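A.B. asks: A structural model of the following input is requested.
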Amino acid sequence: MVVIPRLGSFEYVALTGDWRLVVGNGEFNLLPQVGGLEYSSGINLDNLAALIVAAKAHAEANGINWSGN
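C.D. replies: Reported below is the predicted structural model:
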């Protein structure tokens, strides 16, 4: 995972490059990257799940609350 800090938010990019998340400023944006993605099965969803787990832990450790509170 690559972490890109922004004002009041973080952008997380999967090491595989197929997913990125932008979390903060009251928003959660899940953005598939350009390329051959498989949305229904396969490694792409495994990559997404791993990215969400790592990004949530990092964001909460840095004061970004995913609950919207």
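A.B. asks: State the helix or strand in which the most centrally placed residue in the chain lies.
C.D. replies: Central residue of the chain (CA atoms, centre = their mean): Leu21, 2.9 Å from the mean position. According to DSSP states H and E, Leu21 maps onto strand 19-24.
A.B. asks: Find the residue ranges of this structure scoring beneath the pLDDT cut-off.
C.D. replies: Residue ranges of the chain with pLDDT under 70: 34-43, 67-69.
A.B. asks: could you pull out the helices for it?
C.D. replies: Along the chain, counting by DSSP state H, helices occupy 43-61.
A.B. asks: residue contacts, the nearest residue to Leu30 once chain neighbours are set aside?
C.D. replies: Leaving aside its sequence neighbours, Leu30 sits nearest to Leu21 (CB to CB, 6 or more residues apart in numbering; 5.7 Å). For the C-beta atoms, the positions are set from N, CA and C on the backbone; glycine is no exception. For Leu21, the contact set (CB atoms under 8 Å, 6 or more residues apart in numbering) comprises Glu11, Tyr12, Phe28, Asn29, Leu30, Leu31, Leu51, Ile52, Ala55.
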